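Trainee: Structure of the sequence below:
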Amino acid sequence: MKDTDTPLPPDALARRLTEVYDLVGPLYRRAQRSVEQGLAAHDLSVGVRAVLTLLHRNGPMTVPQMGRAQAISRQFVQRMVKEAAARDLVESIPNPAHRRSSLIRLTGPGQDAITAVLDREHRLLRDVGGDLTDTDVATCLRVLAAMLTALDHVDDA
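Mentor: Below you'll find the predicted structure:
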């Protein structure tokens with residue numbers, strides 16, 4: 001019987017992690033299409049949704065903080081913040097820690113919009129099934145976090 005709790009040697013680990021990458025790409029693209037379909041009713045882009053979600057989960061943040069959190073460029077985040085601000089979904093407020101970098105926070109309409117979007121996505125995710133356990137999900141998160149950390153050296157911001 002094979003011991004599945006023993007750490008894999010590097011070559012075997014690389015082969016198994018390739019299987020994960022092979023699933024993550026299609027999963028990401030399908031999830032993004034599903035998100036886009038759900039956002040159409042709220043007239044939101046995926047980028048604005050990402051900004052609203054960050055603010056919903058973390059409270060007010062600076063544009064550079066949001067860029068680092070999502071591993072995307074500060075310039076892209078700034079464009080999404082401008083788009084959201086033009087629709088009264090976010091607003092800039094003074095940042096007591098840094099005079100030149102304002103904090104961005106949700107407005108009432110922004111909170112309402114992201115709550116509706118996240119509620120829809122929650123309903124969809126309830127149907128995943130597969131008899132998954134908390135341990136299964138925790139292991140998946142641990143593996144994906146390790147893979148993400150291994151790519152920290154990649155400069156994409």
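
Trainee: hey, where'd the helices end up in the protein?
Mentor: Assigned by DSSP state H, the helices in the chain fall at 10-40, 46-58, 63-70, 74-86, 108-125, 134-150.

Trainee: Tell me which of these lies nearest to residue 100.
Mentor: Residue 100 sits nearest to helix 63-70 of all these, at 10.8 Å, using CB to CB. Any C-beta I mention is one placed from the backbone N, CA and C, and that applies to glycine too.

Trainee: In that closest one, which residues are buried?
Mentor: Across helix 63-70, burial judged by 16 or more other CB atoms under 10 Å covers 63, 65, 66, 67, 70.

Trainee: neighbours around residue 75, how many?
Mentor: 11 (other CB atoms under 10 Å).

Trainee: same thing with residue 90?
Mentor: Neighbour number of residue 90 under other CB under 10 Å is 25.

Trainee: From residue 125, how far out is the closest residue to it other than its chain neighbours?
Mentor: Of all residues beyond its chain neighbours, the one nearest residue 90 is residue 84 (4.4 Å), with distances taken as CB to CB, 6 or more residues apart in numbering. Using CB to CB, to the nearest Å, we find residue 84 at a distance of 24 Å from residue 125.

Trainee: Looking at these two now, which is surrounded by more residues?
Mentor: Comparing residue 84 with residue 125 by neighbour count (other CB under 10 Å), the higher total belongs to residue 84, at 27 against 9.

Trainee: Identify the residues contacting that one.
Mentor: 48, 51, 52, 90, 110 (CB atoms under 8 Å, 6 or more residues apart in numbering).

Trainee: redo that, cut-off 6 Å
Mentor: 48, 51, 90 (CB atoms under 6 Å, 6 or more residues apart in numbering).

Trainee: would you turn those into a markdown table with distance to residue 28?
Mentor: Shown next, in a markdown table, are the contacts of residue 84 (distance: CB to CB, whole Å):
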| residue | distance to residue 28 |
| --- | --- |
| 48 | 18 |
| 51 | 18 |
| 90 | 25 |
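
Trainee: which of these lies closest to residue 132?
Mentor: For the contacts of residue 84, the nearest to residue 132 is residue 51 (29.4 Å; CB to CB).

Trainee: Surely that closest one is in contact with residue 80?
Mentor: Yes: the criterion here is CB atoms under 6 Å, and residue 51 meets it with residue 80 at 4.7 Å.
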